[in-house]
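> here is a sequence together with a model predicted from it:
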Amino acid sequence: MSVTATGSNAALQARREAAVPRGLGIQLPVFAAKAENAEITDIEGKRYVDFAAGIAVLNTGHLHPKVKAAVQKQLDSFSHTCIQVMPYEGYIRLAERLNEKVPTRGPRKTVFLTTGAEAIENAVKIARHHTGRNGVIAFSGAFHGRTLLGMALTGKVVPYKAGFGSMPGEIYHLPFPVTYHGKEVAQTLEALEVMFRADVDPKRIAAMIIEPVQGEGGFYVAQAELLAGLRKICDEHGIVMIVDEVQTGFARTGKMFAIEHSGVQPDLMTMAKSLAGGFPLSAVTGKAEIMDSPGAGGLGGTYGGNPLACAAGNAVLDVIEEEGLCARAEQIGELLTGRLKEMQSSNSLEGVIGDIRGLGAMVAMELVSGNNPDRPDPDLTKALIARAAQKGLIILACGVRGNVVRFLVPLTASDALINEGMDILGESLRECVAERAA
């Protein structure tokens, strides 16, 4: 992959600091010039193996040929009409395909929006309209976006809520069960029953929202027992169950959607990120009678379901099916997990990697001190991310304690490229640990 340098990273970083507010955090002061599949080249010509995929946006890789061709073809026709002014076939076709694939209950309908946060907002709107209630239950460690309602639903204060004033009312949080930290499913379900007795009448709750694998929260997998228990409680009290598949969807976990691992069927599902291979598109798909609750004009948005993004979305579904990316995700997950376990058991990294977890190719490792879950090591995590980048690997942190490294390798990446990235990871981690011990 060749690229012509057009400046320096340092010069662009200085321009960024002068022109862009500090609230838009940047992990690496390195600027992309070209990307293909699972590799990025910066403006100085340095190549990087990409284990971030634009934060789970590029399950089909950077500029997949089929996605690129579909967008180019659509661009030859028109780029925008606004679906609410003059509709187009691509939107309808993609909605029909999601209605077939999304495992919600009964007949389904889909509305397209632009961002994951917008999908979350609209799912809550729909649930409130359908039930005539206001309350929403979310979970500690959850991430549902940076809009005002998204912040309120998110179960982490810094940096998402700090300093932004009062949050919308009638949002309640339950503890998310994490066995590694001694928090079990029974405790969460008991906390819900206590909430209903002590804090809020369940008849005031419109919806409950949960990620089947927490993304920003640390890649903790929601147990099938938990999801089934929540489904039962929602049924008992007429609560709409919303599953947030913004980060987990579209083959990442080895199935089209992560909720399929549990067999639980939600009422509404939110999607975004890898839905359109890098083009801004999100969706809410759900039970038709719930989706049809708002009247005409109650849902929508100027850019929602943009023709170019819908063309990309249809191409992404084709690629997932034609290239068997669900099965490929399982293979990648086994490769990543195997390499991480080798590192975990090596003498030079003893007690550093406390836990390895995930579903399919949605894999993470939690860094701790002395193999102690109660001694998170965010400093090592930061050092590792910086050192890996110096060596040409892009990885991301997550977790409420800032000590989890997550892997979101494009599902189109080769084993050779993945192993190259894992070699860099292992070398970087060993160097960071050795330097701190010196």
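Ah, there it is. Residues are numbered from 1 along each chain as shown.

> wait, what's in contact with residue 51?
38, 393-396, 407-409, 421 (C-beta atoms under 8 Å, 6 or more residues apart in numbering). C-beta coordinates here come from the backbone N, C-alpha and C atoms, glycine included.

> from the residues you listed, which is closest to residue 86?
Closest approach to residue 86 among the contacts of residue 51 (C-beta to C-beta): residue 408, at 36.7 Å.

> residues near the closest one, how many?
29 (other C-beta atoms under 10 Å).

> look up how far residue 151 lies from it.
23 Å (C-beta to C-beta, to the nearest Å).

> how far is stretch 17-31 from where the chain is centred?
21 Å (C-alpha atoms, centre = their mean, to the nearest Å).

> only the buried residues of that stretch, if you could.
Applying a neighbour-count criterion of 16 or more other C-beta atoms under 10 Å, one finds 28, 30-31 buried in stretch 17-31.

> what's that stretch in contact with?
Contacts of stretch 17-31 (C-beta under 8 Å, 6+ apart): 7, 9-10, 12-13, 16, 42-43, 46, 48, 159, 385, 389, 394, 396.

> can you tell me which two in the residues you listed are farthest apart?
7 and 159, at 29.3 Å, using C-beta to C-beta across those.

> which residues does whichever helix in the chain runs longest contact?
Ordering each helix of the chain by length in residues (DSSP state H) puts helix 415-437 first. With C-beta under 8 Å, 6+ apart as the contact definition, helix 415-437 has outside contacts at 38-39, 49, 51, 332, 335-336, 339-340, 342-343, 348-349, 352, 380, 383-384, 387-388, 390-393, 395, 409.

> ends of stretch 252-265, what's the gap?
Counting by C-alpha to C-alpha, to the nearest Å, you get 19 Å between the two ends of stretch 252-265.

> out of the buried residues of stretch 17-31, which sit inside strands?
Residues of the buried residues of stretch 17-31 located in strands (DSSP state E): none.

> which of these sits closest to residue 222?
For the buried residues of stretch 17-31, the minimum distance to residue 222 (C-beta to C-beta) is 30.7 Å, reached by residue 28.

> can you give me the helices for the stretch 101-250 of the chain?
116-131, 148-153, 185-198, 224-237 (DSSP state H, counting those that start in this stretch).

> what residue ranges in this structure score low on pLDDT?
For the chain, applying pLDDT under 70 flags the ranges 1-6.

> and if we set it to 80?
Counting by pLDDT under 80, the chain contains low-confidence ranges at 1-6, 438.

> residue closest to the middle of it?
Nearest residue to the geometric centre of the chain (C-alpha atoms, centre = their mean): residue 247, 2.0 Å.

> circling back to that earlier point, in strands, which of the contacts of helix 415-437 fall?
Going by DSSP E, the strands hold 39, 49, 393 from the contacts of helix 415-437.

> scan those and report the most crowded one.
Ranked by neighbours (other C-beta under 10 Å), these are led by residue 49, which has 25 neighbours.

> thought that residue was touching residue 41?
No - with contact defined as C-beta atoms under 8 Å, residue 49 does not reach residue 41; the gap is 11.2 Å.

> and residue 142, its phi and psi?
Per-residue torsions, residue 142: phi -70, psi 150 (degrees, to the nearest 10).

> quick one, what contacts the closest residue in space to it that isn't next to it in sequence?
Distance criterion C-beta to C-beta, 6 or more residues apart in numbering; nearest residue to residue 142, sequence neighbours excluded, is residue 155 at 4.2 Å. Residue 155 makes contact with 138-143, 173, 176, 217, 400, according to C-beta under 8 Å, 6+ apart.

> outside of stretch 178-192, which residues touch it?
With contact meaning C-beta under 8 Å, 6+ apart, stretch 178-192 is reached by 137, 141, 174-177, 218, 220, 223, 225-226, 229-230, 233, 354-355, 357, 366, 373-374.

> no wait, stretch 228-244
120, 123-124, 126-127, 130-131, 137, 142, 144, 185, 189, 192, 196, 202-203, 205-212, 257, 259, 262-270, 290.

> now the residues you listed: which count as buried?
Here, 16+ other C-beta under 10 Å leaves 120, 123-124, 126-127, 130-131, 137, 142, 144, 185, 189, 192, 196, 202, 205-212, 257, 259, 262, 264-270, 290 buried among the contacts of stretch 228-244.

> buried stuff in stretch 228-237?
229-231, 233-234, 237.

> before we move on, what about stretch 307-322?
When burial is assessed from 16+ other C-beta under 10 Å, stretch 307-322 yields the following buried residues: 307-320.

> span of stretch 53-73 from start to end?
Termini of stretch 53-73 sit 24 Å apart (C-alpha to C-alpha).

> would you mark the buried spots in that stretch?
53-62, 64, 66-67, 70-71.

> nearest to residue 281, of the buried residues of stretch 307-322?
residue 309 (3.8 Å).

> could you say which helix or strand contains that closest one?
helix 307-322 (DSSP states H and E).

> which strands or helices does that helix pack on?
helix 65-75, helix 89-101 (3 or more C-beta pairs under 8 Å, 6 or more residues apart in numbering; DSSP states H and E).

> just the CA atoms of that helix, as CSV, please.
Only the C-alpha atoms of helix 307-322 are listed here, as CSV (Å, rounded to 0.1, in the frame of the first residue of the first chain):
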residue,chain,number,x,y,z
PRO,A,307,-28.6,6.7,0.2
LEU,A,308,-24.8,6.2,0.2
ALA,A,309,-24.8,4.7,3.7
CYS,A,310,-27.7,2.3,2.7
ALA,A,311,-25.8,1.2,-0.3
ALA,A,312,-22.8,0.5,1.9
GLY,A,313,-25.0,-1.3,4.4
ASN,A,314,-26.5,-3.6,1.8
ALA,A,315,-23.0,-4.4,0.5
VAL,A,316,-21.8,-5.1,4.1
LEU,A,317,-24.5,-7.7,4.5
ASP,A,318,-23.5,-9.3,1.2
VAL,A,319,-19.8,-9.5,2.3
ILE,A,320,-20.6,-11.0,5.7
GLU,A,321,-22.6,-13.7,4.0
GLU,A,322,-20.4,-14.4,1.0
